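A.B. asks: okay, here's the prediction I keep looking at, along with the sequence it came from:
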Amino acid sequence: MNKLIAICGPTAVGKTAYSIEIAKRFDGEIVSCDSMQLYKYMDIGSAKPSLDELKQVKHHLIGVVEPSENFSVAKYKELASASIDDILSRGRLPIIAGGTGLYLDALMFDLDFAAAPSDDSLRDELYKIAEEKGNLELHSILHECDPDSAQRIHPNNVRRVVRAIESAKSGTKLKNFAKDLSLNDKYEFILVGLRRDREELYDRINRRVDILVKEGLFDEVETLREMGLSESDISMKGIGYKEVLAYFDGEYDLETAIDTIKKNTRHFAKRQITWLKRYDDMKWFDLSESKDDKGSIREIITWLEKNL
C-alpha cells in the first residue's frame, strides 16, 4: 500500500510553510486540500501559497478551476487521486495539505458523492433560505428530512447541509462517517495535525486578515465582480469574499467588513479543529510549545522518519 502524508490543521496554523519544509525533506510534492485555493483568480482571499513558495516545491490543484464552476467533492476526489497517482508513478511522496475536511474524507474513505443527483434549482433555493432566513432555518429543513445527518453536520457548514438535503430528497442519504464508511485501501495515510494555543491562533488569524487586506483583497473581489461573479456563485460564498461583497453592496462599512472576516475565520478555525478531532490516527503537534517553527519542523520530520 502506498504511503502518503496529510498535513492538517485549522486555517492560519502554518500548514503551507510546514508542508513545504516536509516536502523538501522527503522528496515530496504537495496536493492542495483546500476548497478555495482550487479557484483561478482568487489568490489573495484564499491565501494561496506565494510565487516563491510555489517555486520551492511542486504544488497540485492550485488555481485550476474557474470560479464560476460548481465544483464538487466528487470532482475533487477525481483530480486529487490522479495527482497522487502521478506523483507516486514518479517515485515521489504525495503530501496532502489543506483545511477542507470533507475533501480529506473523500480521499481517505470510500465516499460515493456521485450517487446523489445535483438539482440546481433546489440548491439555489436552499442557499437563498440560508442567506435570507439564516443557517438555523436551513438546518431545520435537514432535520426534517434526515435527522441523522442533521445531528452530524453543524448548521454553519452550509455547503454540506445543502448537499445532505439534496441527498435526502433524492433518496440517497449521506453515509455516517463513523459507522458506514470504509477506508480507502489504495493509500496509507500518515496524519500530521498542527495546532496552536487558541489566543495565538486567533492572533495569527487577525494578523493574516490585515495582511490580505493590505495585499489587495478588496481589489481582487472588485475584479471578480467585474468578471460577472456574484454572491450566487459557490466560490464567492467563501470567507473573505462574501463579506467584501456585502461591503460593496452597502451592507457593511469597511471596518465592519474586516472585523466580520476575522470573526468568521475564527469560527471556521474552531469548526475545523472539531472536524479533525474525529481522526483517531492523527499525530498532533502543538506548535505553541516550541520556541520557533524550525524546532517544530525538526520534531515533525523526526517523527515522520520513524513512521514512513
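C.D. replies: Structure received.

A.B. asks: what's the first helix or strand after the lengthiest strand in the chain?
C.D. replies: The longest strand of the chain (DSSP state E) is strand 187-195. Downstream of strand 187-195, the next assigned helix or strand under DSSP states H and E is helix 198-215.

A.B. asks: off-centre distance for stretch 197-205?
C.D. replies: Taking C-alpha atoms, centre = their mean, to the nearest Å, one finds the center of stretch 197-205 at 18 Å from the center of the full chain.

A.B. asks: can I get the CA coordinates of it in PDB?
C.D. replies: This file holds the C-alpha atoms of stretch 197-205, laid out as PDB (Å, rounded to 0.1, in the frame of the first residue of the first chain):
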ATOM      1  CA  ASP A 197      -2.900  27.800  21.600                       C
ATOM      2  CA  ARG A 198      -6.300  29.500  20.900                       C
ATOM      3  CA  GLU A 199      -5.100  33.000  21.600                       C
ATOM      4  CA  GLU A 200      -2.000  32.600  19.400                       C
ATOM      5  CA  LEU A 201      -4.100  31.100  16.600                       C
ATOM      6  CA  TYR A 202      -6.700  33.800  16.800                       C
ATOM      7  CA  ASP A 203      -4.000  36.500  16.800                       C
ATOM      8  CA  ARG A 204      -2.400  34.800  13.700                       C
ATOM      9  CA  ILE A 205      -5.900  34.900  12.000                       C
END
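
A.B. asks: thinking again about what came up before, neighbouring strands - and their directions - for the longest strand of the chain?
C.D. replies: When pairing is defined by DSSP bridges, strand 187-195 lines up against strand 2-8 (parallel), strand 283-286 (parallel).

A.B. asks: which one of those strands is the most hemmed in?
C.D. replies: strand 2-8 (a mean of 21; mean count of other C-beta atoms under 10 Å). Heads up, the C-betas are built off the backbone N, CA and C, glycines and all.

A.B. asks: give the buried residues for the very next helix or strand once past it.
C.D. replies: Going down the chain from strand 2-8, the next helix or strand is helix 15-25, by DSSP H and E. If you call a residue buried by 16 or more other C-beta atoms under 10 Å, then helix 15-25 has these buried ones: K15, T16, Y18, S19, I20, E21, I22, A23.

A.B. asks: could you pull out the helices for the stretch 151-300 of the chain?
C.D. replies: 158-170, 198-215, 217-226, 241-248, 254-276, 293-307 (DSSP state H, counting those that start in this stretch).

A.B. asks: in three-state terms, how would E29 be classified?
C.D. replies: strand (DSSP: H, G, I helix; E, B strand; the rest coil).

A.B. asks: quick one, what contacts it?
C.D. replies: Contacts for E29 (C-beta atoms under 8 Å, 6 or more residues apart in numbering) come out as A23, V57, K58, H59, H60, I87, R92, L93, P94, I95.

A.B. asks: wait, the fourth one sits on D34?
C.D. replies: Going back to what we said before, that points to H59. No: judged on C-beta atoms under 8 Å, H59 makes no contact with D34 at a distance of 10.6 Å.

A.B. asks: so between those two, which is more surrounded?
C.D. replies: Shown here are H59 and D34; by other C-beta atoms under 10 Å, H59 has more neighbours (24 against 21).

A.B. asks: which residue packs closest to that one, ignoring adjacent ones?
C.D. replies: Closest residue in space to H59, ignoring its immediate chain neighbours: I30 at 4.8 Å, by C-beta to C-beta, 6 or more residues apart in numbering.

A.B. asks: same check on D197?
C.D. replies: S288 (4.3 Å).

A.B. asks: show me what contacts that neighbour?
C.D. replies: Counting by C-beta under 8 Å, 6+ apart, S288 touches R195, R196, D197, E200.

A.B. asks: one more time with 10 Å
C.D. replies: By C-beta atoms under 10 Å, 6 or more residues apart in numbering, the residues touching S288 are R195, R196, D197, R198, E199, E200, L201, S296.

A.B. asks: any idea how far D146 is from the residue nearest to the spatial centre of the chain?
C.D. replies: Nearest to the mean C-alpha position of the chain, by C-alpha atoms, centre = their mean, lies T100 at 2.4 Å. Separation of T100 from D146 (C-beta to C-beta, to the nearest Å): 22 Å.

A.B. asks: and I7, by the same measure?
C.D. replies: 32 Å.

A.B. asks: tell me, how many residues neighbour S89?
C.D. replies: S89: 8 neighbours (other C-beta under 10 Å).

A.B. asks: confidence score at it?
C.D. replies: Predicted confidence (pLDDT) for S89: 97.

A.B. asks: how about the nearest residue to W303, chain neighbours excluded?
C.D. replies: Take W303 and drop its neighbours on the chain: the residue closest to it by C-beta to C-beta, 6+ apart is K283, 6.5 Å away.

A.B. asks: tell me the bridge partners for the one you found.
C.D. replies: In beta-bridge terms (that is, DSSP bridges), K283 pairs with V192.
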